[in-house]
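**Student:** the amino acid sequence is not available; the structure is as follows:
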């Protein structure tokens, strides 16, 4: 089984066409027109090395987040930033709030490090027991969490995170927060932890999800910990962000039309899709704060379900390989109404 | 001073325009039209994650080099492959043939490793004394060399490399050869070391130079050492090659027109530009097998020279920070006849 969603290439090579990819959590509005136009008019940027310091790009991202470009690190997708952070921090003991994105664990595997996992309880709808995490987390160098969390969709509120971070900081435990899905939350600008201005926190972001650009590879980190920024700058490879990603970060973050249309879509579709899934007897969806929905199958295992869905042209993420989940779980992306309706119909057929 | 050429962003931010960038060794034919067309028609590839295994891309590169895609590793520029190779091999003692590209040394700096340098002698026009290198190299885990070499332009012939590799292999010393500039050599297909089919050699390549695409970020490694391929695959980050680079590798390597036009340009221009430089009394150019020419200044130091050139709108690579070079050296890219003529005129003015 694949470690990640979105691997439709195996199907494409088999000659499959017209696949509905519900395994990959990408904005269905697609590549912003503003970016297409800008690329078409600027092919010559490929003939230069990108700015090795990415000064303008970092300033643009800073503006979008209302902080200085000096607090920003850019990378070849969020993954590069994640790997660099771990390499620079060199933690000895890490605890990862799980089930979650598999790359946190992978980013640590070449080190001499103890990794533990802090389980989210299904009975509590995967809501974080943050008092318990405080007590447990203080014995580690680093707590890693994803907010909103992939694949559960659960979200931790800002006041809880402030409390958690203060407590951890007193015990010299750093906090790494992946906010790659936060822009799908209404009023996210007031829910991100960046305005704690804490040296103890490192935030991960990407353009992948919200701007439908996983192919362009642009992620960034934000922190007030200038020591870790310096360490990362020292070990990073030059020019890891390609010229088009560099351009994208300067153009699309200013594309107000695309941003507001996306917000409108997710507001309408998230609740509707969840409600429709809730009405299907043989499954249990979990409330999501993001653009995907985790689902528990009551009557069929996930492998069989995914295979039956594929036969009907829908790729679903088998979520059984997430730690603490099992072969009852699958994850759906949220797309536009027409596609969501098609998929709901197919789910019902498959579960009959 | 910058570690690399090509950093024209500082000048651009100052409002400079119309700069002739002779510091960056890029094909003056520019981005292939075939790629521009293909990107314009395929923006939707950005909406998917690239194939995590890059199967078709590796096959395309394999075809170009007449080997199997299984021998190929692709990366975010040649730099990523270089860093991954060092991380996977974990050599204890490395010797780098120098002066050369600074990233070989940088790729080793986070390890516990002894690094030595094997100097190329200016008196011998930087030609490698490969008998000496054999004797010296055998005491190391790894010999690193660049062929043709940046910045000297010197080239080691295949029969010498075969002999060197056989000798080193008997002494359990691996050989890393950077061939990022080899395509600028006439009949390079018969001069690359890939057809030794040696498990002892790892070859580095990029699309940066020949196809004028430093911005797109696509490099690759080739080897018959499947053990190192497995090790690298295990530690690498997913999706490090962006969707457009993935596309480029499938399109431009088949662009016969662009390839033959580039060969024609470099054949004509390399010799001509060298001859013209040779006629200028106050400098000494070194014969190059690539698309750049190293030059020794007889009457001026490199910093002053570069500053005077900048004032006249030409960015030249100050080569004084290459190991074993000093403040007498600068490096020029080779561009088209019109630009080369302009630059020759400006050099003469500056040296007056």
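**Tutor:** Noted; the coordinates are in hand. What you see is a predicted model; the values in this text were computed from it and never measured. Numbers count the residues shown, from 1 in each chain, chains lettered A, B, ... in the order given.

**Student:** so residue A:72 sits against residue A:222, correct?
**Tutor:** Yes. With contact defined as C-beta atoms under 8 Å, residue A:72 reaches residue A:222; the gap is 5.8 Å. In this view, the C-beta of every residue, glycine as well, is placed from N, C-alpha and C.

**Student:** joint contacts of these two?
**Tutor:** residue A:65 (C-beta atoms under 8 Å, 6 or more residues apart in numbering or on different chains).

**Student:** my guess is residue A:336 meets residue A:264, correct?
**Tutor:** No. Look at residue A:336 against residue A:264 with C-beta under 8 Å: they stay out of range, at 11.5 Å.

**Student:** what's the neighbour count on the residue in the stretch 51-200 of chain A positioned nearest to chain B?
**Tutor:** Closest residue of the stretch 51-200 of chain A to chain B, C-beta to the nearest C-beta: residue A:51 (4.0 Å). A count of nearby residues for residue A:51, using other C-beta atoms under 10 Å in any protein chain shown, gives 21.

**Student:** mind pulling up the phi and psi values for it?
**Tutor:** Dihedral pair for residue A:51: phi -60, psi 120, per degrees, to the nearest 10.

**Student:** any part of the host helix or strand of residue A:332 near chain B?
**Tutor:** Here residue A:332, judged by DSSP states H and E, is contained in strand A:329-333. No. Shown here: strand A:329-333 not in contact with chain B (C-beta under 8 Å from any C-beta of the partner chain), separated by at least 11.8 Å.

**Student:** show me the biggest helix of chain A in terms of residues.
**Tutor:** helix A:256-278 (DSSP state H).

**Student:** what is whichever helix or strand comes after that helix packed up against?
**Tutor:** Per DSSP H and E, the first helix or strand lying C-terminal to helix A:256-278 is strand A:283-285. On a contact count with 3 or more C-beta pairs under 8 Å, 6 or more residues apart in numbering or on different chains; DSSP states H and E, strand A:283-285 meets helix A:256-278, strand A:292-297.

**Student:** quick one: residues in contact with strand A:283-285.
**Tutor:** A:274, A:277-278, A:293-298, A:347, A:351.

**Student:** can you tell me which residue is nearest the centre of chain A?
**Tutor:** Central residue of chain A (C-alpha atoms, centre = their mean): residue A:180, 3.8 Å from the mean position.

**Student:** residues contacting the residue nearest to that residue when sequence neighbours are not counted?
**Tutor:** Leaving aside its sequence neighbours, residue A:180 sits nearest to residue A:206 (C-beta to C-beta, 6 or more residues apart in numbering or on different chains; 4.7 Å). Counting by C-beta under 8 Å, 6+ apart, residue A:206 touches A:77-78, A:180, A:218-220.

**Student:** redo that, cut-off 7 Å
**Tutor:** A:77-78, A:180, A:218-219 (C-beta atoms under 7 Å, 6 or more residues apart in numbering or on different chains).

**Student:** so what's the residue count around residue A:305?
**Tutor:** Residue A:305: 24 surrounding residues under other C-beta under 10 Å.

**Student:** quick check: buried residues in the helix or strand following the strand holding residue A:332?
**Tutor:** Reading on from strand A:329-333 to the C-terminus, the next helix or strand found by DSSP H and E is helix A:337-351. Neighbour-count burial for helix A:337-351 flags A:339-340, A:343-344, A:346-347, A:350-351 (criterion: 16 or more other C-beta atoms under 10 Å in any protein chain shown).

**Student:** quick check: of the residues you listed, which lies closest to chain B?
**Tutor:** Scanning the buried residues of helix A:337-351 for proximity to chain B, where the rule is C-beta to the nearest C-beta, the winner is residue A:339, at 13.4 Å.

**Student:** tell me the pLDDT of that closest one.
**Tutor:** The per-residue pLDDT reported for residue A:339 equals 96.

**Student:** that one reaches residue A:20, doesn't it?
**Tutor:** Yes. Residue A:339 lies in contact with residue A:20 (C-beta atoms under 7 Å); the separation is 6.0 Å.

**Student:** on that earlier part again, does the residue nearest to the centre of chain A lie in a helix or a strand, and which?
**Tutor:** Short version, using DSSP H and E: residue A:180 is in no helix or strand.

**Student:** got the end-to-end distance for stretch A:210-218?
**Tutor:** Start-to-end span of stretch A:210-218 (C-alpha to C-alpha, to the nearest Å) is 12 Å.

**Student:** so for that stretch, mean pLDDT?
**Tutor:** If you average the pLDDT over stretch A:210-218, you get 94.

**Student:** same question for stretch A:278-293.
**Tutor:** Stretch A:278-293 comes out at a mean pLDDT of 97.

**Student:** buried residues in it?
**Tutor:** Those would be A:283-293, for stretch A:278-293 by 16+ other C-beta under 10 Å.

**Student:** again, but for stretch A:94-111
**Tutor:** Buried positions in stretch A:94-111, judged by neighbour count with 16+ other C-beta under 10 Å: A:94-108.

**Student:** please narrow those to those residing in strands.
**Tutor:** Counting by DSSP state E, the buried residues of stretch A:94-111 place A:94-98 in strands.

**Student:** can I get those residues in JSON lines including distance to chain B and pLDDT?
**Tutor:** Listed next are these as JSON lines, based on distance: C-beta to the nearest C-beta, whole Å; pLDDT from 0 to 100:
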{"residue": "A:94", "distance to chain B": "18", "pLDDT": "98"}
{"residue": "A:95", "distance to chain B": "22", "pLDDT": "98"}
{"residue": "A:96", "distance to chain B": "18", "pLDDT": "98"}
{"residue": "A:97", "distance to chain B": "21", "pLDDT": "98"}
{"residue": "A:98", "distance to chain B": "19", "pLDDT": "98"}
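
**Student:** just give me the closest of those to residue A:255.
**Tutor:** Nearest to residue A:255 out of those is residue A:97 (C-beta to C-beta; 32.7 Å).
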